[in-house]
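Q: Give me a 3D structure for the following:
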Amino acid sequence: MDEFDNRDFRGDVFSKVVKAGKRTYFFDIKETRSNDFYLIITESKKRVDHGGRMSFEKHKMFLYPEDFENFGNAFHEVVDLIEKRRNNEITDDDFERMRQEQLRQAEAAHDDEEMFF
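A: Have a look, this model is predicted:
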């Protein structure tokens, strides 16, 4: 049983649709019976197979309140980096240095976790 099966769902609260070229994004606020809210972000892409039949490919991400702040901070950070790169404020070499630093931090965190076992 996954974590999903343990939640007591109540229903839809609010939805925002963003059309972006061939994709459509849905931001759906849902509520549980215990009056807790969470967000489902869905990416939907129209597909047409070789026979001309149309279908939609969907990818969903569930985001819970305890993760909103960290998710939002990371989202804004990477969007800011993309904008800086597009404006030539940072280089590919800068991206590589940041990636290497992230790897070092992840390895250090992993090493710290092993010390407790």
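Q: Got the domain ranges for this structure?
A: According to automatic domain parsing, the chain comprises the domains 1-63, 67-117.
Q: can you list these in a markdown table and add mean neighbour count and mean pLDDT?
A: Glycine gets a C-beta too; all of them are placed from N, C-alpha and C. Listed next are these as a markdown table, based on neighbours: other C-beta atoms under 10 Å; pLDDT from 0 to 100:
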| stretch | mean neighbour count | mean pLDDT |
| --- | --- | --- |
| domain 1-63 | 11 | 86 |
| domain 67-117 | 10 | 88 |
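Q: tell me the strands in this structure, going along the chain?
A: Assigned by DSSP state E, the chain shows strands spanning 9-20, 23-32, 37-48, 54-63.
Q: Can you spell out which helices and strands pack onto the first one?
A: Think strand 9-20. strand 23-32 (3 or more C-beta pairs under 8 Å, 6 or more residues apart in numbering; DSSP states H and E).
Q: For the strand it packs on, name the packing helices and strands.
A: strand 9-20, strand 37-48.
Q: Tell me what angle the last one forms with strand 9-20.
A: What that stands for is strand 37-48. Per axes from the mean of the first three to the mean of the last three C-alpha atoms, to 10 degrees, the angle that strand 37-48 makes with strand 9-20 is 50 degrees.
Q: Identify the residues contacting strand 37-48?
A: 13, 22-32, 54-65, 68 (C-beta atoms under 8 Å, 6 or more residues apart in numbering).
Q: make it 7 Å
A: With contact meaning C-beta atoms under 7 Å, 6 or more residues apart in numbering, strand 37-48 is reached by 13, 22-31, 54-65.
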